[in-house]
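Student: quick one, structure for this:
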Amino acid sequence: MTTPTWDPAQYLRHAGHRARPFADLLARVPGLPGDRPRIADLGCGPGNVTALLADRWPTARITGYDNSPEMLDKAHVDHEGPTAGGGRLDFAPADARTWTPAEPYDLIFSNATLQWVPGHADRFPDWIAGLRPGGTLAFQVPDNIDAPLHALMRDLADTPRWRDRLAGVLRRTDSVHTPGTYLDRLARLGCTADVWQTTYFHVVTGPDPVLDWVKGTGLRPALTALADDPEARDAFLTEYRDLLREAYPSAPYGTVLPFRRLFAVAVKEA
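Tutor: You can find the predicted model right below:
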């Protein structure tokens with residue numbers, strides 16, 4: 001898969017909807033063992049929701065990790081620094097495929113990142129080992145690889161016009177496991193695991209809002225692959241837009257975007 005170039009401004013256009021599953025996951029995280037917790041946010045993006053961790057644990061030392069320079073630049077400018085309770089929020093480059101805790105953590109958190117990381121469940125042993133007793137691993141991932149917004153994108157990329165340009169860029173690579181698989185993997189590592197799914201029915205507004213949504217996330221590999229040919233990029237977007245308009249019809253109040261997500265909270269044995 002093409003390594004995507006990220007656009008923080010585009011991603012943040014739907015920040016309210018994107019922050020909701022973060023908040024729902026955060027609400028299920030129990031108290032942490034340390035008085036001044038050490039927290040990692042894997043795949044922090046522009047840092048807007050990482051800052052919510054500081055609201056919950058104002059004395060914590062929190063580091064947001066991401067492999068996108070564009071996202072980290074935005075996070076540094078908008079959110080880095082001391083927190084109200086004497087803690088600190090900072091950001092650093094790292095890749096979830098290889099990141100291993102270099103010190104004990106009370107919480108390792110990841111929001112809408114691990115779907116980009118094939119084999120991420122194989123990282124669980126290292127991450128759990130890096131938690132203090134009673135610490136928590138919590139993550140949330142989109143669980144909708146067969147939803148129209150993804151299926152139509154892949155089908156279009158596989159048509160004769162686009163196959164040579166986008167071959168393999170949008171292939172169906174689903175690194176997200178079933179809820180039962182996550183529960184089993186985490187429980188076998190000695191954790192008490194809580195795993196669940198939720199389907200959100202987002203009402204999005206504005207011109208072609210589903211296209212606008214996916215331009216900030218799932219469409220990034222295609223936009224990156226076509227970045228050197230604006231005419232081709234715009235032609236692909238026009239064809240994809242027309243397919244999305246049919247799949248997600250608008251209503252007087254907006255456009256409904258069903259979006260299923262999978263959540264897991266694993267507490268290490270104290």
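Student: could you look up the SS state of residue 189?
Tutor: What DSSP: H, G, I helix; E, B strand; the rest coil gives for residue 189 is coil.
Student: against residue 94, how distant is it?
Tutor: Note on residue 189: its distance to residue 94, by C-beta to C-beta, to the nearest Å, is 22 Å. Using the backbone N, CA and C atoms, a C-beta is placed for each residue, glycine as well.
Student: what mean pLDDT does stretch 15-35 have?
Tutor: In this model, stretch 15-35 has an average pLDDT of 92.
Student: just the strands in the stretch 151-270 of the chain please.
Tutor: For the stretch 151-270 of the chain, strands defined by DSSP state E, counting those that start in this stretch occupy the ranges 191-204, 250-251, 254-268.
Student: give me the helices and strands touching the longest one, please.
Tutor: Just to be clear, that refers to strand 254-268. The elements that strand 254-268 packs onto, with contact taken as 3 or more C-beta pairs under 8 Å, 6 or more residues apart in numbering; DSSP states H and E, are helix 15-27, strand 131-142, helix 179-187, strand 191-204, helix 209-214.
Student: can you do 7 Å?
Tutor: strand 131-142, helix 179-187, strand 191-204, helix 209-214 (3 or more C-beta pairs under 7 Å, 6 or more residues apart in numbering; DSSP states H and E).
Student: quick one: residue 201 from residue 133, how far?
Tutor: Counting by C-beta to C-beta, the gap from residue 201 to residue 133 is 39 Å.
Student: out of the strands of the stretch 151-270 of the chain, indicate the one that is most buried.
Tutor: strand 254-268 (a mean of 20; mean count of other C-beta atoms under 10 Å).
Student: where does this structure dip in pLDDT?
Tutor: Residue ranges of the chain with pLDDT under 70: 1-2, 171-174.
Student: need the longest helix for it.
Tutor: helix 230-247 (DSSP state H).
Student: ok now that one, how far from the chain's centre?
Tutor: Helix 230-247 sits 24 Å away from the centroid of its parent chain (C-alpha atoms, centre = their mean, to the nearest Å).
Student: the helices in the stretch 51-200 of the chain, which residues?
Tutor: Assigned by DSSP state H, counting those that start in this stretch, the helices in the stretch 51-200 of the chain fall at 69-79, 124-129, 148-157, 160-166, 179-187.
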